[in-house]
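Asks: with the sequence up front, the predicted model follows.
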Amino acid sequence: MQDEKQFTPHADLGWLSWDEWSPEQDFCRFVGLLQRMLQPAVIVETGVGVGRITEHLDLEGRQFFGFESDPAWRRPPADPELATPSWMHMTGADLVILDSDPEFRFSELELWVEHGKPGSVVVVHDAGNGHDPATLHSRIGFACACTSMPGVFLKNPRGGWMGVHA
């Protein structure tokens with residue numbers, strides 16, 4: 001087993017990640033527990049990568065649409081050809097998990113806001129937690145805050161946001 005290290009410099013002790021690209025382990029577990037509590041019939045996940053979040057999801061009896069924007073990381077369970085979901089994916093999703101490359105994540109959040117299923121829940125990784133305003137994390141957090149949807153910011157080291165489509 002690979003050494004588990006803390007990859008976010010300002011994080012309090014105990015926030016572990018597998019590497020500098022993966023979400024925090026507790027964030028992955030949180031999303032898995034949220035999925036179990038919500039029991040969504042349809043799940044959309046972006047930024048699947050090696051499946052750090054996906055491995056915490058119970059996909060049995062669920063419809064799962066996974067996407068990976070970086071072709072070098074794209075492998076099952078991500079769609080083999082599509083880098084990002086369409087508006088049609090958003091209209092049917094009960095749970096949306098956004099962790100793709102930033103160039104896609106902003107438009108994916110916008111797709112969810114414009115076409116998301118009423119009552120659906122979105123979880124966005126890297127939404128900032130005290131980051132400098134010029135950082136990508138703060139910009140993603142600002143985009144989340146500017147949606148018309150109610151939500152709450154999560155205090156994991158890289159930040160997160162959980163919103164509900166009103």
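Replies: Alright, I've got the coordinates. Numbers count the residues shown, from 1 in each chain.

Asks: hey, what's the residue nearest the centre of the chain bridged with?
Replies: By CA atoms, centre = their mean, the chain has its centre lying nearest to L98, at 3.0 Å. Going by DSSP bridges, L98 is paired in beta bridges with V124.

Asks: quick one: it and G47, what's the gap?
Replies: 7 Å (CB to CB, to the nearest Å). C-beta here means a position set from N, CA and C on the backbone, and glycine is covered the same way.

Asks: and for L154?
Replies: With distances defined as CB to CB, the gap from L154 to G47 amounts to 16 Å.

Asks: just the helices in the protein please.
Replies: Taking DSSP state H, the helices of the chain run over residues 25-38, 87-92, 102-115, 136-145.

Asks: possible to save the ones you listed as CSV with mean pLDDT, distance to A166 and mean neighbour count?
Replies: As requested, these are arranged in CSV below (pLDDT from 0 to 100; distance: least, CB to CB, whole Å; neighbours: other CB atoms under 10 Å):
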stretch, mean pLDDT, distance to A166, mean neighbour count
helix 25-38, 96, 16, 17
helix 87-92, 98, 15, 16
helix 102-115, 97, 10, 18
helix 136-145, 95, 14, 19
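
Asks: what would those helices look like in a markdown table with distance to E60?
Replies: As requested, the helices of the chain are arranged in a markdown table below (distance: least, CB to CB, whole Å):
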| stretch | distance to E60 |
| --- | --- |
| helix 25-38 | 12 |
| helix 87-92 | 18 |
| helix 102-115 | 25 |
| helix 136-145 | 30 |
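
Asks: and the ones you listed: which comes nearest F65?
Replies: Evaluated over the helices of the chain, closeness to F65 peaks at helix 87-92, with 5.3 Å, by CB to CB.

Asks: which helices and strands does that closest one pack with?
Replies: strand 42-46, helix 102-115 (3 or more CB pairs under 8 Å, 6 or more residues apart in numbering; DSSP states H and E).

Asks: which residues sit in contact with A145?
Replies: F153, W161 (CB atoms under 8 Å, 6 or more residues apart in numbering).

Asks: understood, closing this out.
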